[in-house]
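1. Sequence plus the predicted model coming up.
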Amino acid sequence: MMQRTLAVVSAGLSQPSSTRLLADQIAAAAVQKAAGSAIELTVRVIELRDLAHDIANHLLTGFPPAALKEALDTVEAADALVAVTPIFTASYSGLFKSFFDVLDKDALADKPVLIAATAGTARHSLSLEHALRPLFAYLRATVVLTAVFAAADDWGADSADGPLRSRIDRAAGELAREIERRDPVSVTDPFALTVNFEDLLRNP
Amino acid sequence: MQFGIFSVSDVTADPTTGQTPTEAQRIKDIVTIAKHAEEVGLDVFALGEHHNEPFFSSSPTTTLAYIAAQTSTLQLSTATTLITTNDPVKIAEDFAMLQHLSDGRVDLMLGRGNTGPVYPWFGKDIRAGIPLAIENYSLLHKLWREHTVDWQGKFRTPLQSFTSTPRPLDDVPPFVWHGSIRSPEIAEQAAFYGDGFFANHIFWPASHTQRMIALYRQRFAHYGHGDPDQAIVGLGGQVFMHKNSQDAVKEFRPYFDNAPVYGHGPSLEDFTRETPLTVGSPQQVIDRTLGFRDYVGDYQRQLFLMDHAGLPLKTVLEQLDLLGSEVVPVLRKEFDALRPAHVPDAPTHASMMQKMVNA
């Protein structure tokens, strides 16, 4: 089995939240699909609620407190990302956006990302396409084609094997294939010298 | 080891009274603060450079020359001088002039500046910050060491048969520190020339400072200037003291909570844990400062930020009294006792002249 890691960012605010519930279902499906390709996926969940103060402080001071630093490093070092937000006022939540605002702009480059969202009704579902997908496109992530949206009524008992389940499985399968196609992620050290000073001096 | 203070020259309202000093008052106050630094036995006063409100210090060498005239031992420095947006020719001229007027009591710290609009105001592009710092400094370095300079670069009009005047005092260029928070290229630049490296330290977790200093030391040795522990390192620090530590916290909290940069963000307690900020008794400041050595090694210069965030002049002077009477004498003794003989002091005009004579 190949070893890979999956970071899961959940921006749900209530505890427990339907956003986290969706995140966990997607993560479980991804683990299962990856196992089918002989990949053992280790899941690391990041609850943004726990980091809300740290994220605001980072925006103000320019550096992350320790717990947030660990979360940012986890995302950067992961081989894939599941990003789940509640839809607030027709878009991702401010907390969700703020987390990606303080993430290094290169941290998601070519990383497979599965986007997902929750909301009260299905009227918000295209927020995934016109808000989340462009955000991750800007960060140069590889966003898998299937995005997963769950409205309140998707959690009904009669939909356990219904459309939501099948979208989760399809998206998780797409994510697993993108992980399988790639080498493991290696993180570059921001403090490492990458240039020869005498070259810089000759040709600034 | 040198101890001193550095000021960013902010004109900020005192949050406890709502009063904002005038620029005129604040400018006079900074002179009083610098003179008091000498009176209480500190070694260095360093002044920032800014080209936007609420800062007054657009012209540090003017201020430093005025201070030089009223002091006798104080080493005058900057924090920082903008190597990106200033013309290196003008830096060469201004600081050589200051050297003569101050009898050699001058060094400078170069920085890139992080205020976006300042670059276009001076016809530059912030995205070229590193290349500007590298090219401009290579010219500055040459202007102080070669009498007649022919030079051509990318960012400035070429020079033919140019001589920067006045020449450096005794032909000894001012010592240069390079300051950067997290650009390894600048640590490399300092190492390449065998110059000093200064870590701002105060707004950032210690891990940043540790990594940058370690890189600088390693590259300093790589370029043949000495062993890694002989590299010239300076650190920022930020303290507020009271005999009783709870009183220090109580008195400083409104200034912290409303300060530019970090105000309305993390709590005083969080920021104290995450950065070198120390608010407490003189003994706490001593213990914390001695602890810096654990992650950067023996170092040469410690500067404290003491006069920002609207703190009134009277308070700043009292803080300097505590620093000079209770903290620095102990730090001097303790650091000196810990430092091996082969680790040099920060270069001064006298020591660099001696070195030139010996060579």
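-> Nice, I can see it.

2. can you pull the contacts of residue 61?
-> Using chain A here. B:203, B:261-262, B:265-266, B:271 (C-beta atoms under 8 Å, 6 or more residues apart in numbering or on different chains). Every C-beta, even on glycine, is put in place using the N, C-alpha and C of the backbone.

3. other chain: chain B
-> B:Thr61 touches B:94-95, B:97-98, counting by C-beta under 8 Å, 6+ apart.

4. Quick one: name whatever helix or strand follows the helix or strand encompassing it.
-> Applying DSSP states H and E as the criterion places B:Thr61 in helix B:60-69. Using DSSP H and E, the helix or strand that follows helix B:60-69 in sequence is strand B:75-78.

5. The next helix or strand after that next one pairs with which strands?
-> Heading C-terminal from strand B:75-78, the first helix or strand you meet, by DSSP H and E, is strand B:81-82. According to DSSP bridges, strand B:81-82 forms sheet pairs with strand B:107-111 (parallel).

6. Let me know the angle separating the partner strand from helix B:60-69.
-> Counting by axes from the mean of the first three to the mean of the last three C-alpha atoms, to 10 degrees, strand B:107-111 lies at 160 degrees to helix B:60-69.

7. Drop anything exposed from the contacts of A:Thr61.
-> Neighbour counting by 16 or more other C-beta atoms under 10 Å in any protein chain shown classes B:203, B:262, B:265-266, B:271 among the contacts of A:Thr61 as buried.

8. filter those down to the ones close to chain A.
-> B:203, B:262, B:265-266, B:271 (C-beta under 8 Å from any C-beta of the partner chain).

9. Can you report how many residues neighbour A:Tyr138?
-> The burial count assigned to A:Tyr138 is 11, neighbours taken as other C-beta atoms under 10 Å in any protein chain shown.

10. for chain B, longest strand please?
-> In chain B, assigned by DSSP state E, the strand with the most residues is strand B:233-241.

11. buried set for it?
-> Neighbour-count burial for strand B:233-241 [16+ other C-beta under 10 Å]: B:233-241.

12. Mind exporting the C-alpha coordinates of the very next helix or strand once past it to CSV?
-> Downstream of strand B:233-241, the first helix or strand assigned by DSSP H and E is helix B:245-258. The C-alpha coordinates for helix B:245-258 follow below in CSV (Å, rounded to 0.1, in the frame of the first residue of the first chain):
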residue,chain,number,x,y,z
SER,B,245,4.9,42.7,37.1
GLN,B,246,1.1,42.9,37.5
ASP,B,247,1.4,46.7,37.4
ALA,B,248,3.4,46.5,34.2
VAL,B,249,0.6,44.4,32.6
LYS,B,250,-2.1,46.7,33.8
GLU,B,251,-0.3,49.8,32.6
PHE,B,252,0.7,48.5,29.3
ARG,B,253,-2.5,46.7,28.3
PRO,B,254,-4.4,49.7,26.8
TYR,B,255,-1.3,50.5,24.7
PHE,B,256,-1.0,46.9,23.6
ASP,B,257,-4.7,46.5,22.8
ASN,B,258,-4.7,49.6,20.6
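
13. Please list all residues in contact with the nearest residue to B:Phe292 once chain neighbours are set aside.
-> Beyond its immediate neighbours in the sequence, the residue positioned closest to B:Phe292 (C-beta to C-beta, 6 or more residues apart in numbering or on different chains) is B:Leu235, lying 5.7 Å away. B:Leu235 is in contact with B:198-199, B:201, B:209, B:276, B:292, B:296, B:299, B:301-303, counting by C-beta under 8 Å, 6+ apart.

14. Any chance of those in a markdown table with neighbour count, distance to A:Ala172 and secondary structure as columns?
-> Output for those, formatted as a markdown table (neighbours: other C-beta atoms under 10 Å in any protein chain shown; distance: C-beta to C-beta, whole Å; DSSP: H, G, I helix; E, B strand; the rest coil):
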| residue | neighbour count | distance to A:Ala172 | secondary structure |
| --- | --- | --- | --- |
| B:Phe198 | 32 | 51 | strand |
| B:Ala199 | 27 | 46 | strand |
| B:His201 | 27 | 46 | coil |
| B:Thr209 | 24 | 43 | helix |
| B:Pro276 | 24 | 46 | coil |
| B:Phe292 | 23 | 49 | helix |
| B:Val296 | 20 | 47 | helix |
| B:Tyr299 | 25 | 53 | coil |
| B:Arg301 | 25 | 56 | strand |
| B:Gln302 | 25 | 55 | strand |
| B:Leu303 | 28 | 54 | strand |
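
15. Could you dump these into JSON lines and include pLDDT?
-> Converted to JSON lines, these look like this (pLDDT from 0 to 100):
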{"residue": "B:Phe198", "pLDDT": "98"}
{"residue": "B:Ala199", "pLDDT": "96"}
{"residue": "B:His201", "pLDDT": "92"}
{"residue": "B:Thr209", "pLDDT": "94"}
{"residue": "B:Pro276", "pLDDT": "93"}
{"residue": "B:Phe292", "pLDDT": "97"}
{"residue": "B:Val296", "pLDDT": "97"}
{"residue": "B:Tyr299", "pLDDT": "98"}
{"residue": "B:Arg301", "pLDDT": "98"}
{"residue": "B:Gln302", "pLDDT": "98"}
{"residue": "B:Leu303", "pLDDT": "98"}
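
16. Name the nearest of those residues relative to B:Trp121.
-> B:Phe198 (25.2 Å; C-beta to C-beta).

17. In contact with the closest one, which residues?
-> B:79, B:109, B:177-179, B:233-236, B:301, B:303.

18. How about it: what's its closest non-neighbour residue?
-> B:Gly234 (3.9 Å).

19. Same check on A:Leu135?
-> A:Phe100 (6.5 Å).

20. Buried ones in the helix or strand harbouring that neighbour, by neighbour count?
-> Applying DSSP H and E as the criterion places A:Phe100 in helix A:94-102. Neighbour-count burial for helix A:94-102, counted by 16+ other C-beta under 10 Å, picks out A:95-100, A:102.

21. Spell out which residues of chain B are next to chain A.
-> Counting by C-beta under 8 Å from any C-beta, chain B sits next to chain A at B:130-132, B:134-135, B:138, B:153-155, B:182, B:184-185, B:188-189, B:192, B:203-205, B:208, B:211-212, B:215, B:219, B:261-266, B:270-271, B:274.

22. buried subset of those residues?
-> Buried among those (16+ other C-beta under 10 Å): B:130-132, B:134-135, B:138, B:153, B:155, B:182, B:184-185, B:188-189, B:192, B:203-205, B:208, B:211-212, B:215, B:219, B:262-263, B:265-266, B:270-271, B:274.

23. Just to be careful, could you list which of the residues you listed are in helices?
-> Taking DSSP state H, the ones among those that sit in helices are B:130-132, B:134-135, B:138, B:184-185, B:188-189, B:192, B:208, B:211-212, B:215, B:219, B:270-271, B:274.

24. Tell me where chain A is predicted with low confidence.
-> Applying pLDDT under 70 to chain A flags residues A:157-160, A:204.

25. Let's see that with 80 instead.
-> A:156-162, A:203-204 (pLDDT under 80).

26. So which residue is dead centre in it?
-> A:Ala83 (3.0 Å; C-alpha atoms, centre = their mean).

27. who's in contact with it?
-> Per C-beta under 8 Å, 6+ apart, neighbours of A:Ala83: A:9, A:96, A:100, A:113-116, A:132, A:136.

28. now do 10 Å
-> Residues in contact with A:Ala83, defined by C-beta atoms under 10 Å, 6 or more residues apart in numbering or on different chains, are A:7-11, A:23, A:26, A:46, A:75, A:92, A:96, A:99-100, A:108, A:113-117, A:132, A:135-136, A:141, A:143.

29. got it, and B:Trp151?
-> So B:Trp151 contacts B:88-89, B:138-139, B:142-143, B:157-160, B:162 (C-beta under 10 Å, 6+ apart).

30. What is the nearest of those residues to chain A?
-> B:Ser138 (6.0 Å; C-beta to the nearest C-beta).
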